[in-house]
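K.L.:
Pasting a predicted model and its sequence here:
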Amino acid sequence: QDDAHIFCMPEQVKEEFLNVLGLTRVVLSRMGFENFTAQISLRDPDNPAKYIGSDENWRNAENAIIEAAEEAGLDTVTVLGEAAFYGPKLDFMVKDALGRSWQLGTIQVDYNLPERFELEYIGADNQPHRPVMIHRAPFGSMERFISILIEHTGGKFPLWLTPDQFAVLPISDRFNDYAEQVEKELGVYDIRGYVDSRSEKIGRKIRDTELKKVPFMLIVGEKEAEAGQVSVRRQGEGDLGSMTTEAFAAYFKGLQE
């Protein structure tokens, strides 16, 4: 889990929550998750003995989380009795392509560890005070996040995340050298890909590349080699015409801006 810890003064909890909310929203958006809800888990008011920390600290932390979520414009669901024993929390509940809800990123207030470690800071009154710890994990469990991402996208990752962003498909073996030249030229622009140099018909290569969810197919034959170009096909969209590797790199980079 991509857990990190923030130590802050009690009056800084809301500000820190807003910062982490912004980070987590950027992470989810970049990964293609736009449909999510913030689940705010509060303590059970009928059983306060289950929880560590004073009533005042809990009220302040719960109010800070609720206000931060409102200021961030999040769709929220509040659940009583689901807080951890050490503090309230906010979980990002993400819906996948099938409409199922999963808990991914989480932000949690912790009153337990600062107490156990006897942590202190000197406040403006020149007196020692106990800080608040905030756990933040924008991804949550990395294994769960990746498995949900694969299922949500059907293996069609965001372009920047795709392991192979293009495949060069020579129509016959005699164009393999030119295909490798194309691969090297695109590597200069930090665009990842490979050459399918198998002795297969071009239709088979195109089909196999489609099944692998490779975003771009760059087909090269005699016409392309003579012109110093590639014929570009995009996953799910078809033929984009012929262009130089420099023009393709510019087009590709424009998609990521």
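P.N.:
Here it is on my side, so go on. Numbers count the residues shown, from 1 in each chain.

K.L.:
all helices of the stretch 1-150 of the chain, in order?
P.N.:
13-30, 55-71, 112-116, 142-153 (DSSP state H, counting those that start in this stretch).

K.L.:
now swap in the stretch 151-257 of the chain and tell me
P.N.:
All helices of the stretch 151-257 of the chain, identified by DSSP H, counting those that start in this stretch, fall at 176-187, 202-211, 222-227, 245-255.

K.L.:
Indicate which one of those helices is closest to Arg130.
P.N.:
helix 245-255 (49.3 Å; C-beta to C-beta). To be clear about C-beta, it is placed using only N, CA and C from the backbone, and glycine gets the same treatment.

K.L.:
in the closest one, what counts as buried?
P.N.:
245, 248-249, 252 (16 or more other C-beta atoms under 10 Å).

K.L.:
now swap in stretch 75-83 and tell me
P.N.:
Within stretch 75-83, the residues scored as buried using 16+ other C-beta under 10 Å are Ala83.

K.L.:
which ones are touching the closest residue to Tyr51 other than its chain neighbours?
P.N.:
Spatially, and ignoring its direct neighbours in sequence, Tyr51 is nearest to Arg43 (5.0 Å; C-beta to C-beta, 6 or more residues apart in numbering). Each residue near Arg43 by C-beta atoms under 8 Å, 6 or more residues apart in numbering is listed here: 50-51, 58, 62, 80-81, 83, 88.

K.L.:
what comes into contact with stretch 195-213?
P.N.:
For stretch 195-213, contacts defined as C-beta under 8 Å, 6+ apart pick out 154-157, 162, 164, 167-171, 173, 176, 179-180, 182-183, 217, 219, 233, 235.

K.L.:
just stretch 227-238 next, same as before
P.N.:
Contacting residues not belonging to stretch 227-238 are listed as 156, 168, 182, 206, 210, 213-221, 224, 239-245, 248 [C-beta under 8 Å, 6+ apart].

K.L.:
Quick check: strands, which of those residues are part of them?
P.N.:
Within the contacts of stretch 227-238, residues falling in strands by DSSP state E are 168, 216-220, 239-243.
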